[in-house]
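Peer 1: Curious how this folds, go ahead:
(one chain, ligands or ions: 1)
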Amino acid sequence: MTVTNEEMIVEIKSLDDKGAGRASVWRENEHGNQKKLRLTIPQVLPGEKVRVIVDKPERRRRRAIAEEILETHSERIAPPCPHFERCGGCVWQHWQYRGQLQQKTSHVKEAIEAQGFNPELVADTIGMDEPWHYRNKMEFTFSPEGELGLHEQGNFRKIISLETCLIAGKEMVEAAMEVAKWAKDQKLRGYNKDLHEGLLRHLMVRQSFVTGEMMLALFVTEAPTGQLDGATSDLVKRITAKFPQVKSLMWLENTDWADRTQSEKSHILAGRDFIYDEMDGYRFRLWFDTFFQTNPTQAQKLVELAVAMGEPKQTEKMIDLFCGVGTFSLPFASRVEKLAGIEIVESSIESAQRNALDNGLTNTYFLAKDARKGIDEVLANFGKPELLLLDPPRSGAGGKVMRRIGRSKPERIVYVSCNPDTFATDIKELEPFGYRLEKVQPVDLFPHTVHVECVALLVYTGE
Ligand SMILES: C[S@@+](CC[C@H](N)C(=O)[O-])C[C@H]1O[C@@H](n2cnc3c(N)ncnc32)[C@H](O)[C@@H]1O
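Peer 2: Take a look at the predicted model:
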């Protein structure tokens, strides 16, 4: 017999990797046996006692909404954003920032302890003085009705109309609202992903917090010509009049079924096809598809920490593995004899080469290759590096890459990670090669979310 809507009072034991609460209850099933039911409850905090209504509680795992908080965590606060309950962007706005930072430190400690490392090596997470409006890039989505907004949590078909966003740069939200108004005034159709029809798909907004330059990139299903001539010239007029900081207004055709911000044909509506940004005093060109750190204030701290930990010397050779457009390569290149950057995305490598030249650096060598093959090629052409920095994606570098790094025996390894769990399993691979973990510094690049970044130093001590 299926039971619907059973009321329960449960205590939140811990948080899962998406920031939701975990609780479990023993309940008797229809045969009189005790069975454990594991619950996932969003927007609660550890230790809280909550009343939930569980649909189909005879299953082993259920998701439930807290109807009432009966015992409240001392760090619970009123979430400042009106979209918090529905938006999938920030999961911890109901938690004092101090508590979020402590949770992130604990996560990193637990991850490395699980691999046998000393958790005392992990310092307290470096937070932001002002943890709002920190993102320099946002992607908004159009609903089939042409409303611009963000996806609803757990429901990728629903769009929450954009009124505000407390983590995006303020000017970026204002410019996005102007595009939303333009779409409405022009009565343009949004894209329907089920039917694969409609015009407007996504709006990407990126802005440099240093140069102020902004890019607006519209992902659409048609070329900006013919019937759309009037609409596009109206957009150009509105944006250039109100937002002179928009140095790139792009119209990007994307007719693919995949719901991603990609493009097969690009058109410049106004300005150029890139914007200038700066990090650590170095100038970067950013195109719509260029990966760049999204919290520049904290990314600057990451760069400074990486340099301080790595102690680069003018006599040394260095590898920057997973180098992207050279965020770490450029500050390090000016401090070493020569630097090789390895990265799989060709356009990022082209950008890294151009960024190095733009900044007058002539001692860099960038390679568009998979990390594993890239290391071999660099070792063959370049010799053994004294210093290696790696900044892999969330999935980590993986055992094969880590063992290649171990065999190449750099004296110092600086590991920049956006996932403490894959970081811990990756560095475990280095132990047999004689590396010792010296320190781990977590940095909060994504306040109000579960994500945490780390910079760590490993040194070669001999096998
Ligand atoms: C976290 S980003 C870091 C980028 C850069 N260090 C930065 O801060 O801008 C990880 C990078 O690894 C690259 N990547 C992913 N898989 C790769 C692989 N198998 N080999 C080389 N690079 C890869 C991605 O394209 C991305 O640029």
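Peer 1: give me every residue that touches S263.
Peer 2: Going by Cβ atoms under 8 Å, 6 or more residues apart in numbering, S263 touches 219, 252-254, 288-289. In short, each C-beta sits where N, CA and C put it, glycine included.
Peer 1: Tell me, how many residues neighbour the residue of the chain found nearest the ligand?
Peer 2: Per Cβ to the nearest ligand atom, G324 is where the chain lies closest to the ligand, at 2.8 Å. Using other Cβ atoms under 10 Å, G324 has 22 neighbouring residues.
Peer 1: Quick check: it is in a helix.
Peer 2: No - per DSSP: H, G, I helix; E, B strand; the rest coil, G324 lies outside any helix segment and is coil.
Peer 1: Quick check: it touching L390?
Peer 2: No - if you go by Cβ atoms under 8 Å, G324 and L390 don't touch, sitting 11.6 Å apart.
Peer 1: Tell me the residues that contact both of the two, please.
Peer 2: Common contact partners of G324 and L390 (Cβ under 8 Å, 6+ apart): none.
Peer 1: returning to that earlier point: now do the residue of the chain closest to the ligand, the pLDDT please.
Peer 2: Per-residue pLDDT puts G324 at 94.
Peer 1: Over to R27. Which of the three states is it?
Peer 2: Relying on three-state DSSP, one would call R27 strand.
Peer 1: Quick check: which element contains the nearest residue in space to A114 that is not next to it in sequence?
Peer 2: Spatial nearest neighbour of A114, chain neighbours left out: A424 (6.4 Å); criterion: Cβ to Cβ, 6 or more residues apart in numbering. Assigning secondary structure by DSSP states H and E places A424 in helix 420-428.
Peer 1: Need the mean per-residue confidence for that helix.
Peer 2: Mean predicted confidence for helix 420-428 is 98.
Peer 1: ok, now stretch 441-457?
Peer 2: On average, stretch 441-457 scores 97.
Peer 1: Show me how far it is from its chain's centre.
Peer 2: 10 Å (Cα atoms, centre = their mean, to the nearest Å).
Peer 1: first to last residue in it, what's the distance?
Peer 2: End-to-end distance of stretch 441-457 (Cα to Cα, to the nearest Å): 9 Å.
Peer 1: is it up against the ligand anywhere?
Peer 2: No - applying Cβ under 6 Å from any ligand atom, one finds stretch 441-457 separated from the ligand by no less than 9.1 Å.
Peer 1: Make residue 1 into 280 and carry on from there
Peer 2: Right, with 280 as the first residue, what we last looked at is stretch 720-736.
Peer 1: about what we covered before: now do the contacts for the residue nearest to A393.
Peer 2: Contacts of A703 (Cβ under 8 Å, 6+ apart): 390-391, 393-394, 396.
Peer 1: go on, W411?
Peer 2: Here W411 is in contact with 445-446, 726 (Cβ under 8 Å, 6+ apart).
Peer 1: returning to what we had before: quick check: the farthest pair among the contacts of S542?
Peer 2: Across the contacts of S542, the longest distance by Cβ to Cβ is 13.6 Å; it joins E532 and D568.
Peer 1: who's in contact with the helix or strand harbouring K526?
Peer 2: Applying DSSP H and E as the criterion places K526 in strand 525-532. By Cβ under 8 Å, 6+ apart, the list of residues contacting strand 525-532 from outside reads 454, 492-503, 511, 514-515, 518-519, 540, 542-555, 567.
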